[in-house]
Each structure stands twice: as C-alpha cells, then as structure tokens.
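[1] Would you be able to build a 3D model of this:
(2 chains)
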Amino acid sequence: MATQEHELTVDEVMAEEEREAEELARKAREARDWRPSRQGVVARFGVLGLLLVVVLAAPQLVPDVYTNLVARAAVYAIVALSMNVLVGYAGQVSLGHSAFVGVGAFGSAYALTEMQLPFPAALVMAALTGAVGALAIGAVALRLKGLYLALVTIVYAFFAQEVVFNIRSLTGGGAGQPAPRPSYLASDLRYAYFCIAVLAVFLVFDWRLTGSKGGRAIQALRDDERVAASWGINVTSFKLLAFLISGVIAGIAGGLLGSIEQVAVPLDFGFSLSLTFLVMTVVGGAGSRWGVIQGGVLFALLPTLLERAHENFHVFPFTAIDATIEPAIGALLLLLTLIFTPGGIAQQQAHLLAWLSFRRFKDVRETTGIAPGGMGARP
Amino acid sequence: MTTILDVILLGLQTGAVFSLVSLGVALVYKATRIVNFAQGELGTIPAFIAYIVMTGFQVNGEPVTDRGRLWIATLVALVVGAGFGILVNTLVIRRLAAVSPVTSLVATAGVMLLSSAMAQIFFEPKARRFPQYVGGGFRFPGADVTVAWQTIVTLIVLAGAAALLALLFRTPPGVALLATAQEPFAAELQGISVSGMRTLAWGLAGVLGALAGLLGAGVFASIAPAFMTSTFLIPALTGAVLGGLTSMVGAVAGGLLLGIVVQAANQINRSFDLGIPGPPQVAALLVLLIVLLVRPQGLLGKAA
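    I've put the predicted structure just below:
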C-alpha cells in the first residue's frame, strides 16, 4: 500500500483533490435541483394538509377545560421562536427570557388595566417593553461573551423577578395585574385560535428572517464574530438586532400569556421559567424553527399530560409518574438529548423534516444544535 | 444602632458560604472550562446523606449530634460529594456529543434540575433540622451582633481550601490540570491523562461542594431539597464571576465581597427607608455590571 502512494506525483494528488471537490459540488447541485415526482408532491401536500388540519382542529377537539392549554402551547411555541433567534441564530445564550416575557406581560396588563388601551395597542406595548428589556441586556452583550453573558442574564432575570415585578404601582404586587381580553376574544376558543394565528405570523417572519441578509448576518455572528466582521458585517448592530427581534417576540408572547388567565402574576415569571425556556429550546433543537416549536409545545403540555396519564392509566410507569416529577422528566429529557442527539427533536426528525420541505428523504442538511462558534469566551 | 462593622460581620456569615461554592465553580471552570450549575447540588445531596447518617438511616428522624456521629457523617458526606462530582463527569459531561461551553453549561443545569427534582421526590419539600458544628457565638469587640462560631469555622475551612487550591496549581498535578484545560490534545501528547485529570477536578469540586453543603446548612440550622441551589448558587456564580472565574483567591474575594454588598444593600434600604423591593438583587446586578464593564475578566482574573 505504501509503495503505491510513493508513485503519486503532486499533480496527480491535486487532480484527485479537484475531482473530489467537483464530485461534492455535483452532489450539492443535484440535491438543490432535485424535485419530487408528481406523486411525491401530492403526498407531501397531503401530509402537510393533514398536519394543518390537526393543528386547526386541536382547540375544537380537546375538552373545554383544556382550550386554554392549547393557547398556552401556542404561546410557548412563540417564546421558543424568540429563544431560537438568540440561542439558535445569534449564538447568544439567554437565561433571562423569563424577564423579557414577564416585562411584556406586565406591559400589556398595565396598558389594558391602568391606561384602558384596546387589546392590539396593549400587544404593541408588550412588544415595546419586551424590546427595551432585551436591548438593555443586548447592550451588555456587546461587551461580554458566552459564559459571562449567560451569568449576567441570570442575574438580570432575578433582578426582574425580585425587583421590577414587585413594583406595586406597575405590576399590582403579589396579586398581579388584571389583563382582560377584549370582547371579540372573550371565549377561550377564539383566544386559542388567536394565539395560533400569532404563532403562524411569527413562523412566517422567522422563515423570511433566515432568508434575508440580516438573518444571514446574525447567523454569521454565531459562527465566528471576527470572520463576520471581516466580511463587513456590523457586529454591534446585528447583535443588537438579534436581541431586539427576540425581545419583541418574547414581549408579545408575554402579553398573550398574561391574557390566557387574564391576570399577570409576578410569581409566574421567576427564574425557573427561564430555565424551562432554555431547556425546551435545546430539547427542540436550537437553530431549527420546527424543532423548537415542538419543544415549546411539549414543555407546555408536559405537566398536564403526566397528570392525566397518572389518573387514567393504571399500568406500571404511569402509576409511579405524576405531575410532581415533571421537573425530573424534563431534566432527564434534556440530558438524554444533549448526550445522544445534541440537535434535539429536530435532529431526530431530520429525515422527516427534509421530506416535508420538498427535498429527498435522505437529504439532511439542516444544521442544528448549539453551534460552538462565537462561544469561546476566555477571560 | 447597626454599625459598618456589624454589616461586615453579617455579610461574612453568608459570604463565607457563597465563597465556598464560588471556589468549587472556579475550580471546575479553571480545570475544565465548564461553568458548573450543579455546584449547589454537589452540596445539597451530601448534606442530606450526612443528615441520614446522623438520624441513623431514617428519612424523617431527629439527627443525633454526638461528636462521633458528627464526624462519621462529615466523612461520609465528603466521600459522597467526591463520588457525586465524579459521577456527574462520567455519566454526563464526558459523554456530551457536541462540546461547546454553552452545551456543557446547559448540561450541568440539567444535572442540577434532575438532582433537585429527585431530592424533592425523596425528601418532600420541607425543612429538616440540621446541626451546626459549633453552636453559639461570641461578641466581637465593638460590634452589636453576635458572631456565630459556625461562621469562624466556615472562614477557616474557606481559607484552608483556597490556600490548598492555590498551592495545587503550582504543583506538577496542578500544572497538568491547567494544561488539560487549555489544550487537551497537547496535554495528552505530553503524557497527561486527560480523563484522569478531569476526574480529579470533578472529585475535588465534589469535596468542596460537600463542605459548602455541610457548612451552608449550618447557617440556617436546617436543610430542605435544593437548599444550596436556591440560596447560594446564584450569589456564588455571581461571586465567582466578580472574582474572575479562573482565580481561586478571586473566587473567595468575590463571594465575600458579594456577601457584604448584599448585607449593606439590605441595611441601607432599611436605614433610609427606601422601600426598594429586593435590595440584594439590585445590589448584585449593579455590582456585577459595574465590575464586568470596567474589568470584563473580573477582579482578579487574567485577560486572555
């Protein structure tokens, strides 16, 4: 074997490398130009249509007591999209999302109750307050990286939980601030559909964001800030833009969340909520919008699912499992995900997601998981 | 009338425990480049084991606190702490498929969540009496508050641990630990067992965590599931960052400083009747922001 290698000249090696590069480029072209057959298109549309029907029918199908749970799942999915912009696209860790969401909830509640503004205006207020809350941390993020930033976001979340959310004149103190729904969204069913509609809007927004120049610039920051800067990407602006987008989405999600129970209570927006948000994003698969949405929905439903399973199934695992061990199950899911499929739900479904995106079943190219780039903070 | 001396003494009481946890966080960070969210749990679980040993293996018993039982319980707790640390490394950290600092941060947070959730299930969320090593206290000359002997014990343990760790990094095994952290591949080429070094680091962190747990329980003379995480973890992380994450002396200084700052903030809020909700959180955020904006590497940390 060794003797044969000696006979290769430099030119031959280069030619070989060139051939390999061409082969790779050809495969990439093929994958790009590949179109499903007519049956393939029909089958994909069929499955997508079915999924759409399931989502749209969900608020109708579940018993009335769970209609609010559907709304909550939609809101968690919106929060997951917001987390995804920071964690998945920009590569900035946020453990302060409970603060962003909470600020939005109290902003909206304050506008509804104290200022008597109409509901849409209250949501705008939620978006604005969420943006301000996130930009404050974004400004710090310009100077700090990775782990240091993560720690500052934690302290920020605690600061919001203990201080900002306890200012009685703004948040109503321990009892909370009422956040009534408008008359046209008064029924739980309508409100659930409204939340799903907002989720759809942000889904389209997220899709267009990743296709835009700004979205690509944000993702370039994640991979390597210095390389991005050398391409002429303004690191400061785009990092702040990522925080702004994330804050706006989180704020609106907060406004929606507050109006589910029609009251925003400080206790609901503690630091542990931030952990749940980060866990659901990682378990869903940071960087993949379909993955994080499923993560969000899963963690919104998990406590109730466990409780119902405990009450209704009288066979072994369910008799031992009830809602009190939901935190343990969440943590276990997180650890198993990180160890076996760091790309989370999105990685487990990579083939399925490729097929549903009108690509080949085998054609998996989504990169998910928390990217290592941009995170190497060394003091 | 509360004097500045009183504020400092009260601050040291909690600050000393912050520092012990900070020290563990800084050690793990220095040796493995991981911010360990499970450091608080490395204290809670051994403290519960010590409690069980002291009650004669009853989950809800009354702890027996004669000298012999106390020392045996302490020894068992330290061993359990080391074992828990090594277990976390072996079962989770070493197996992470994608290794970025943030992935491992999330993983340690996962360990923390799992451990505290398990403790909630086994021990139920309620407080249990836990003995102090030395009961009572004494009047510090010129101060109004009583200084608990437990605080003195904590400070002595803290000083000893910090000195030993600072010395460790000057010995051959310590240098090997540092080499492993900076460039595992090159360290391996030099004949250093990288996995052995990481086991050592996590084992030491576990012992430190157990010490913090045993002494932290003494501050309130009681333990409850996740008490180290809920009371001491976040201040300790803040203290470690304040001190500069890679510096052992910095971690101790950061923890003590934060203890005093928090106490001072409480006192100022009370004396001037400002009515600010959560003065400790305001003070912690402000101090953290000011220090990190002026010195992003922390008070005693070295710049990259």
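
[2] Now do the same contact list for A:Val79.
    By CB atoms under 8 Å, 6 or more residues apart in numbering or on different chains, the contact list for A:Val79 reads A:97, A:101, A:249-250, A:253, A:277, A:296. Where you see a C-beta, it was placed from the backbone N, CA and C, and this is true even at glycine.

[3] Up against chain A, what does the stretch 1-150 of chain B have?
    B:35, B:92, B:95-103, B:105-107, B:109-111, B:113-114, B:116-118, B:120-121 (CB under 8 Å from any CB of the partner chain).

[4] I'd like the contacts of A:Val79 laid out as JSON lines, including distance to chain B.
    Formatted as JSON lines, these follow (distance: CB to the nearest CB, whole Å):
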{"residue": "A:His97", "distance to chain B": "14"}
{"residue": "A:Val101", "distance to chain B": "18"}
{"residue": "A:Ile249", "distance to chain B": "21"}
{"residue": "A:Ala250", "distance to chain B": "19"}
{"residue": "A:Ala253", "distance to chain B": "21"}
{"residue": "A:Phe277", "distance to chain B": "12"}
{"residue": "A:Gly296", "distance to chain B": "16"}
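
[5] From those, which land in helices?
    Members of the contacts of A:Val79 lying in helices (criterion: DSSP state H): A:97, A:101, A:249-250, A:253, A:277, A:296.

[6] OK, now which residue of chain B is nearest to chain A?
    B:Gly278 (3.1 Å; CB to the nearest CB).

[7] Verify the stated contact: that residue with A:Glu162.
    Yes: the pair B:Gly278 / A:Glu162 is scored as a contact, 3.1 Å apart, by CB atoms under 8 Å.

[8] Quick check: A:Tyr110 touching A:Pro178?
    No: the criterion here is CB under 8 Å, and A:Tyr110 misses it with A:Pro178 at 10.2 Å.

[9] of these two, who's got more company?
    A:Tyr110 (22 against 16; other CB atoms under 10 Å in any protein chain shown).

[10] Show the contacting residues for the more buried one.
    With CB under 8 Å, 6+ apart, A:Tyr110 has these contacts: A:125, A:170-171, A:177.

[11] Secondary structure class of it, three-state.
    Following DSSP: H, G, I helix; E, B strand; the rest coil, A:Tyr110 is assigned to helix.

[12] For chain B, see how far away it is.
    17 Å (CB to the nearest CB, to the nearest Å).

[13] quick one on the thing from earlier: return the members of the residues of the stretch 1-150 of chain B next to chain A classed as buried.
    B:35, B:92, B:96, B:98, B:100-103, B:105-107, B:109-111, B:113-114, B:116-118, B:120 (16 or more other CB atoms under 10 Å in any protein chain shown).

[14] Narrow the residues you listed to those in helices?
    B:101-103, B:105-107, B:109-111, B:113-114, B:116-118, B:120.

[15] The residue nearest the centre of chain A: which element?
    With distances taken as CA atoms, centre = their mean, the residue of chain A nearest its centroid is A:Ala80 (2.4 Å). Following DSSP states H and E, the helix or strand that holds A:Ala80 is helix A:67-83.

[16] Could you pull up the mean pLDDT of that helix?
    Helix A:67-83 carries an average pLDDT of 94.

[17] repeat for stretch B:268-276
    80.

[18] Report the closest residue of chain A relative to chain B.
    Taking CB to the nearest CB, chain A has A:Glu162 as its residue nearest chain B, at 3.1 Å.

[19] Touching, the residue nearest to the centre of chain A and A:Gly295? I think so.
    Yes: under the criterion of CB under 8 Å, A:Ala80 makes contact with A:Gly295 at 5.7 Å.

[20] Tell me the secondary structure of A:Pro180, please.
    Recorded secondary structure, A:Pro180: coil (three-state DSSP).

[21] Identify the residues contacting the nearest residue to it once chain neighbours are set aside.
    Closest residue to A:Pro180 apart from its sequence neighbours, by CB to CB, 6 or more residues apart in numbering or on different chains: A:Gln262 at 5.5 Å. By CB under 8 Å, 6+ apart, the contact list for A:Gln262 reads A:178-181.

[22] Most neighbours of all those, which one?
    Most surrounded of these: other CB under 10 Å gives A:Ala179, at 27 neighbours.

[23] Give me the pLDDT for that one.
    pLDDT for A:Ala179: 86.

[24] Kindly report the same for B:Gly239.
    90.

[25] and it, what element?
    Per DSSP H and E, B:Gly239 falls inside helix B:234-243.

[26] Turn the contacts of A:Val79 into CSV, columns for pLDDT and distance to B:Pro296.
    Output for the contacts of A:Val79, formatted as CSV (pLDDT from 0 to 100; distance: CB to CB, whole Å):
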residue, pLDDT, distance to B:Pro296
A:His97, 92, 23
A:Val101, 94, 28
A:Ile249, 96, 29
A:Ala250, 96, 26
A:Ala253, 96, 31
A:Phe277, 92, 26
A:Gly296, 94, 33
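
[27] that older thread, overlap in contacts of A:Ala80 and A:Gly295?
    A:280-281, A:284.

[28] correct me, but B:Pro101 touches B:Arg33?
    Yes: B:Pro101 is in contact with B:Arg33 according to CB under 8 Å; the separation is 6.3 Å.

[29] was I right about B:Met54 contacting B:Leu70?
    Yes: using CB under 8 Å, B:Met54 is in contact with B:Leu70, at 7.1 Å.
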